[in-house]
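Colleague: Make a model of this:
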Amino acid sequence: MRLRGNKRQKTDEQPELHGTSGLAVELRGVRRQYGRGKGAVHALGGVDLALPRGTFTAVMGPSGSGKSTFLQCAAGLDRPSAGSVRLGGTEITGMRENQLTELRRSRLGFVFQAFNLLPSLTVEENVLLPMRLAGQRRDRRRAAQVLARVGLADKAGRRPGELSGGQQQRVAIARALITGPDVIFADEPTGALDSTTAAEVLGLLRHAVDTLGATVVMVTHDPTAATWADRVLFLADGVFAGGLDRGTPERIAERMAALTSPTGAMARAAA
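Modeller: Numbering: from 1, shown residues only. The predicted model follows:
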């Protein structure tokens, strides 16, 4: 499955990205099995995927379809039982744990439903944390730039507890952007937000793709959230079961309903 990305222009004020062409995410024959024997769970059953840089992809599927496992394997948070994962052209499947940790800190960005901000640090310190953990010089000018991009230029000295949920997620997006990552992985980033705030957060992710040339891979259960993506991919029983380009919430919901219907389950079992 291959998407076409658009080339983006980068201004001097934008965080530098790790390249503007080629594939950002590539999975070949990725399988993930938990346990052995009769009790084994086949969370991923042979996933093939190629996503160019500068694209926004949403991944959806029924509960238990393998969405979380896909994200964890694609982001180097879990190791596949078989297959190959490449990020930004780098093969990560055989990396040692310390190498994976370094890659995640320097070349990947993460946005989670729970924000995962450190309450004892200021907003600026939370944004700069990936640079600090990677042993890089903490660039306060860059932090100010990304905070301005997410509308929080005046919140750098605040603590997360002083911010609303939407503002905290904006901080998380700024933190994800600070190193100019190859890929931003977002796991239900709007799950804890109301619809208005969710749209603002999704707009920031869309802006990162369109303006900064970022690559976003988002797992979501929300058809409306998925409409912000260039393409929606559907997972069912650990394999991809098709996709939609720029689908409406209604079309996306229909596809999801088909995946969860008894007829759809029988068709996949017979395939």
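Colleague: show me the contacts for the residue most central in space within the chain.
Modeller: Closest residue to the average C-alpha location of the chain: Phe185 at 1.8 Å, with CA atoms, centre = their mean. Listed by CB atoms under 8 Å, 6 or more residues apart in numbering, the contact set of Phe185 reads Leu71, Ala74, Ala75, Leu108, Gly109, Phe110, Val111, Val217, Met218. All C-beta spots, glycine's among them, are computed from the backbone N, C-alpha and C.
Colleague: ok, those residues vs Ile173, which is closest?
Modeller: Val111 (5.8 Å; CB to CB).
Colleague: Export only the CA atoms of the helix or strand containing the closest one, formatted as PDB.
Modeller: Using DSSP states H and E, Val111 sits within strand 108-112. What follows is strand 108-112, C-alpha atoms only, in PDB (Å, rounded to 0.1, in the frame of the first residue of the first chain):
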ATOM      1  CA  LEU A 108      10.500   9.900  16.300                       C
ATOM      2  CA  GLY A 109       7.700  11.900  17.900                       C
ATOM      3  CA  PHE A 110       4.900  10.600  20.000                       C
ATOM      4  CA  VAL A 111       1.500  12.000  21.000                       C
ATOM      5  CA  PHE A 112      -0.700   9.900  23.300                       C
END
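Colleague: Okay, now the sheet partners of it, with direction.
Modeller: Sheet pairing of strand 108-112 (DSSP bridges) gives strand 183-187 (parallel).
Colleague: pLDDT on the partner strand, on average?
Modeller: Mean pLDDT, strand 183-187: 96.
Colleague: Please name the residues that touch the nearest residue to Ser106 once chain neighbours are set aside.
Modeller: Distance criterion CB to CB, 6 or more residues apart in numbering; nearest residue to Ser106, sequence neighbours excluded, is Ala134 at 4.7 Å. Shown in contact with Ala134 (CB under 8 Å, 6+ apart): Glu102, Arg105, Ser106, Thr179.
Colleague: Can I get those residues in CSV including distance to Leu233, neighbour count and pLDDT?
Modeller: Shown next, in CSV, are the contacts of Ala134 (distance: CB to CB, whole Å; neighbours: other CB atoms under 10 Å; pLDDT from 0 to 100):
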residue, distance to Leu233, neighbour count, pLDDT
Glu102, 29, 15, 90
Arg105, 27, 18, 88
Ser106, 27, 18, 86
Thr179, 26, 22, 90
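Colleague: Just the ones in helices from those residues, please.
Modeller: Counting by DSSP state H, those place Glu102, Arg105, Ser106 in helices.
Colleague: Just the C-alphas of the longest helix belonging to the chain, formatted as PDB.
Modeller: Looking across the chain with DSSP H, the single longest helix is helix 195-212. Extracted as PDB, the C-alpha positions of helix 195-212 are listed here (Å, rounded to 0.1, in the frame of the first residue of the first chain):
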ATOM      1  CA  SER A 195     -15.100  17.800  19.700                       C
ATOM      2  CA  THR A 196     -14.000  21.400  19.400                       C
ATOM      3  CA  THR A 197     -10.700  21.000  21.100                       C
ATOM      4  CA  ALA A 198     -10.100  17.700  19.200                       C
ATOM      5  CA  ALA A 199     -10.500  19.600  15.900                       C
ATOM      6  CA  GLU A 200      -8.000  22.200  17.000                       C
ATOM      7  CA  VAL A 201      -5.400  19.400  17.900                       C
ATOM      8  CA  LEU A 202      -6.100  17.600  14.600                       C
ATOM      9  CA  GLY A 203      -5.600  20.800  12.800                       C
ATOM     10  CA  LEU A 204      -2.200  21.200  14.300                       C
ATOM     11  CA  LEU A 205      -1.200  17.700  13.100                       C
ATOM     12  CA  ARG A 206      -2.600  18.500   9.700                       C
ATOM     13  CA  HIS A 207      -0.600  21.700   9.700                       C
ATOM     14  CA  ALA A 208       2.600  19.900  10.600                       C
ATOM     15  CA  VAL A 209       2.200  17.700   7.600                       C
ATOM     16  CA  ASP A 210       1.200  20.400   5.100                       C
ATOM     17  CA  THR A 211       3.600  23.100   6.300                       C
ATOM     18  CA  LEU A 212       6.600  21.300   7.900                       C
END
